Each structure stands twice: as C-alpha cells, then as structure tokens.
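>>> can you look at this prediction? I've put the sequence above it.
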Amino acid sequence: MSDELYPSPSAELSRKRHELAPDVADSFAAFSKQVFADGALPAKTKQLIAVAVAHVTQCPYCIRGHTRGALRSGASEAEIMEAIWVAAEMRAGGSYAHSIIALSEMDRVEAAA
C-alpha cells in the first residue's frame, strides 16, 4: 500500500478506472474534450480558467494537467501565474465576504446580552 497522499497517475490506474465504469469514463472524456475545445472562449482562456479553479479546489492532478494544457494552448508562464493570483484573491475574498456572517453574529449576541 502506498503512503502517498496523492499517488502518481499511471496507465495501469487509468486502465482500471476505465474498466470499472467504461461508459462513464468515455462520456467524461468526450465531455472534457468538448468543454476545452475552442468556442465562445478560446482553448487557452479555458485552460487558464481551469488552472485558477484547480488552485481553488486544490486538486494537484488538475493543477498539473491544466498547467500543461495551458502551456500547450499557448499560454505564457506569466499568464498562468496571473491566473493563479486571481484564484488566490478569490479564495481569500470568500473569507473576507463571509466575515459578514461572523460580524452579524457578534452583533446578535451582543444585542441579546
């Protein structure tokens, strides 16, 4: 048994995942291919969005895969880092925005005392 928190992907594990649910795996692959194809947004922009989202969701596999995808789609290292900074601001922004809940509760408890 591996003691890695995030095991390295392998052809064997990918094959097993597909064997256990082939229709779902095929559908997911087709969906992903369509989502990241050029459309109203170019593939490069979609990959930069995915890099940012991957950092917010903290998925190491997604971070690696979409960083590679962004580079393949023509994104520069500076564009990728800027997308990561957007993710960092949004993640911190959630805490800032939700502080209203704590402030409101403090007021409620103070008023009841």
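Arrived safely, thanks for sending.
>>> mind checking how far the residue nearest to the spatial centre of the chain is from residue 48?
Nearest to the geometric centre of the chain sits residue 54, at 1.9 Å (Cα atoms, centre = their mean). With distances taken as Cβ to Cβ, to the nearest Å, residue 54 is found 11 Å from residue 48. C-beta: built from backbone N, CA, C; applies to glycine.
>>> and the helix of greatest length in the chain, average pLDDT?
What stands out as the longest helix in the chain, according to DSSP state H, is helix 77-112. For helix 77-112, the mean pLDDT works out to 95.
>>> show me which residues of that helix are buried.
Within helix 77-112, the residues that count as buried by 16 or more other Cβ atoms under 10 Å are 79-80, 83-84, 86-87.
>>> of those, which is the nearest to residue 38?
The closest of the buried residues of helix 77-112 to residue 38 turns out to be residue 79 (Cβ to Cβ; 16.9 Å).
>>> do you know how far the closest one is from residue 29?
For residue 79, the distance to residue 29 equals 26 Å [Cβ to Cβ].
>>> picking that back up, with adjacent residues omitted, what lies nearest to the residue nearest to the centre of the chain?
Counting by Cβ to Cβ, 6 or more residues apart in numbering, residue 62 is the residue found nearest to residue 54 once chain neighbours are left out, at 3.6 Å.
>>> confidence score at the one you found?
pLDDT, residue 62: 97.
>>> number of residues surrounding it?
Per other Cβ atoms under 10 Å, the neighbour tally for residue 62 reads 16.
>>> which ones are touching it?
Applying Cβ atoms under 8 Å, 6 or more residues apart in numbering, we find residue 62 in contact with 50, 53-54.
>>> which elements pack onto the helix or strand hosting residue 30?
Here residue 30, judged by DSSP states H and E, is contained in helix 22-35. In terms of contacts (3 or more Cβ pairs under 8 Å, 6 or more residues apart in numbering; DSSP states H and E), helix 22-35 is packed against helix 11-20.
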